[in-house]
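> what's the 3D shape of this:
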Amino acid sequence: MASDLLGKSGRAMLDALASGTTDPTVLSDLAKGQLRKKIPALREALTAFFTGHHAIIVTEILAKLDYLDDAIGRLSTEIDRVIAPFADTVALLDTIPGVDLRTAQCLIAEIGVDMTVFGAAERLASWAGRCPGQYESAGKSAGGKTRKGSKWLRLYLHEAARAASRTKNTYLSAQYGRIKARRGPAKARVAVEHSILVAAYHMLDRDEPYHDRGADYFTRRRDPAHHARRLAAQMDALGYDVAFTRRETPPTDTPKAA
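Here you go, the predicted structure:
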């Protein structure tokens, strides 16, 4: 009936029930906004068996929820005070798709802001346990399990990857969809977590905001000219001088209309 039981309307009805009001007409009249259109249905739904015993239980639950809300507010104020010197860095990480303000604060709390401690993005990913493991037996390499790494960092990256996978027209959502189709959602999520962490490393190291590669990155990567340049760079690294010449594609004969 109500999408949010603890919204303004729901909370008002629960408080009234806890205080001893059980008249469905009075309770349904506490509805606010769009929910008032459902007053007849609310009146029918609120016609139920509700005793003093139930009122005590509801009162205790609401008191716990109020305490938790107050505690979250106090802790949030303290976090904002402590993280204030790094406000610019938090704003920087907040530009990554899937990373909100609180996640950015948590990332800084776990990995810090000085990336020279790690020396390379790959080392940070390895330390965090957000890169594929490697297992070798009888001369054959196979993917292994990822190391556990930091429990809390893993949790924050998990939530960020879930949010990033739902974004529209971003590299991270495209990466998730591409890997999910071939290797499943779990491996796709870890890959996105790895990408977020690597991006965070370079952003903190260079003091630059996030630059999205775009949702069409994997399509553009298949461009023949781009692929040729990549092969040329690989051959150059091996010590070969290579010159590529593109063949002219002969025009296709199209039948004339009758």
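> Keeping just the C-alphas, turn stretch 169-184 into PDB.
Extracted as PDB, the C-alpha positions of stretch 169-184 are listed here (Å, rounded to 0.1, in the frame of the first residue of the first chain):
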ATOM      1  CA  ASN A 169      26.400   5.000 -21.000                       C
ATOM      2  CA  THR A 170      29.600   4.500 -18.900                       C
ATOM      3  CA  TYR A 171      32.700   2.400 -19.400                       C
ATOM      4  CA  LEU A 172      32.100   0.500 -16.100                       C
ATOM      5  CA  SER A 173      28.600  -0.500 -17.000                       C
ATOM      6  CA  ALA A 174      29.800  -1.700 -20.400                       C
ATOM      7  CA  GLN A 175      32.700  -3.600 -18.800                       C
ATOM      8  CA  TYR A 176      30.300  -5.300 -16.400                       C
ATOM      9  CA  GLY A 177      27.800  -6.300 -19.100                       C
ATOM     10  CA  ARG A 178      30.600  -7.600 -21.400                       C
ATOM     11  CA  ILE A 179      32.200  -9.800 -18.700                       C
ATOM     12  CA  LYS A 180      28.900 -10.900 -17.200                       C
ATOM     13  CA  ALA A 181      27.900 -12.400 -20.600                       C
ATOM     14  CA  ARG A 182      31.000 -14.500 -20.800                       C
ATOM     15  CA  ARG A 183      32.000 -15.300 -17.200                       C
ATOM     16  CA  GLY A 184      29.100 -14.500 -14.900                       C
END
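> Please give me every residue in contact with the residue nearest the centre of the chain.
Residue closest to the mean C-alpha point of the chain, counted by C-alpha atoms, centre = their mean, is residue 160 at 2.4 Å. By C-beta atoms under 8 Å, 6 or more residues apart in numbering, the contact set of residue 160 is 96, 98, 99, 103, 193, 196. Placement of C-beta: from N, CA and C, glycine included.
> Please, which helix or strand holds it?
helix 151-165 (DSSP states H and E).
> That helix: what's the following helix or strand?
Remark: after helix 151-165, the chain's next helix or strand is helix 171-183, criterion DSSP H and E.
> Can you name the element that comes right after that following helix?
Counting by DSSP H and E, what follows helix 171-183 is helix 185-206.
> So which bits of that following helix are buried?
Buried residues in helix 185-206, counting neighbours by 16 or more other C-beta atoms under 10 Å, are found at 188-201, 203-205.
> And stretch 102-122, by the same measure?
103, 104, 105, 106, 107, 108, 110, 111, 113, 115, 118, 121.
> Please apply the same query to stretch 150-159.
153, 154, 156, 157, 159.
> Dump these to TSV, plus distance to residue 5 and pLDDT.
Shown next, in TSV, are those (distance: C-beta to C-beta, whole Å; pLDDT from 0 to 100):
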residue	distance to residue 5	pLDDT
153	33	92
154	31	91
156	28	94
157	31	95
159	23	95
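> Out of the residues you listed, which is nearest to residue 17?
Nearest to residue 17 among the buried residues of stretch 150-159, counting by C-beta to C-beta, is residue 159 at 34.1 Å.
> Skipping its backbone neighbours, what lies nearest the closest one in space?
Distances taken as C-beta to C-beta, 6 or more residues apart in numbering place residue 103 nearest to residue 159, at 6.5 Å, with adjacent residues excluded.
> Could you tell me the model confidence score at the one you found?
Confidence at residue 103, expressed as pLDDT, is 94.
> Next one: residue 180 relative to residue 215, how far apart?
Distance, residue 180 to residue 215, using C-beta to C-beta, to the nearest Å: 15 Å.
> Mind listing residues that contact stretch 220-228?
Residues contacting stretch 220-228 (C-beta under 8 Å, 6+ apart): 214, 244, 246.
> for the last one, what are its contacts?
Remark: with contacts taken as C-beta under 8 Å, 6+ apart, residue 246 is in contact with residue 228.
> Next, it: secondary structure please.
Recorded secondary structure, residue 246: coil (DSSP: H, G, I helix; E, B strand; the rest coil).
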